[in-house]
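Engineer: After the sequence you'll find the predicted model.
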Amino acid sequence: QVQLVESGGGLVQAGGSLRLSCAASGSIVSINAMGWHRQAPGKQRELVAGITSGGITNYADSVKGRFTISRDNAKNTVYLQMSSLKPEDTAVYYCNSDVLTSSSTGSYRTARYWGQGTQVTVSS
């Protein structure tokens, strides 16, 4: 079992900054890709940013130049630094991790796990 715990959301004025964190714990052998998605009211969940185990990143066009994703492999944690926030960035942000886990029987499996979501609200 793997748990992803997010923190760092909140209310901020337009132009401000927030930093989200997401820590994974459990029967983790290794973590491949990690990322952040968001879902605004009435809209589909969309990818915000992703990062591979080797540190290669990708971003949605709407956040390029404003958001930075990073990870600390020793802490199984992924971060999202958000700057120059806009009202349209308002959404629930979810982290995800592609995790290789082991069981007591010695079997291994890879699965994508999700955090519980953290609200980010940007006021104009």
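Structural biologist: Perfect, thanks for sending it.

Engineer: Okay, strands next: where are they in this structure?
Structural biologist: Ranges of strands in the chain, per DSSP state E, are 2-7, 10-13, 18-26, 28-39, 46-51, 57-59, 67-72, 77-82, 91-102, 108-114, 118-123.

Engineer: Dump those into a markdown table; add mean pLDDT and mean neighbour count as well.
Structural biologist: C-beta coordinates here come from the backbone N, C-alpha and C atoms, glycine included. Listed next are the strands of the chain as a markdown table, based on pLDDT from 0 to 100; neighbours: other Cβ atoms under 10 Å:
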| stretch | mean pLDDT | mean neighbour count |
| --- | --- | --- |
| strand 2-7 | 96 | 16 |
| strand 10-13 | 98 | 13 |
| strand 18-26 | 97 | 19 |
| strand 28-39 | 96 | 19 |
| strand 46-51 | 98 | 19 |
| strand 57-59 | 98 | 15 |
| strand 67-72 | 98 | 18 |
| strand 77-82 | 98 | 23 |
| strand 91-102 | 96 | 20 |
| strand 108-114 | 95 | 13 |
| strand 118-123 | 98 | 17 |
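
Engineer: Skipping its backbone neighbours, what lies nearest A49 in space?
Structural biologist: Excluding the flanking residues, the one nearest A49 by Cβ to Cβ, 6 or more residues apart in numbering is I69, at 4.0 Å.

Engineer: beta partners of the one you found?
Structural biologist: Per DSSP bridges, the residues bridged to I69 are L80.

Engineer: show me what contacts S17?
Structural biologist: By Cβ atoms under 8 Å, 6 or more residues apart in numbering, S17 lies in contact with Q81, M82, S83, S84, L85.
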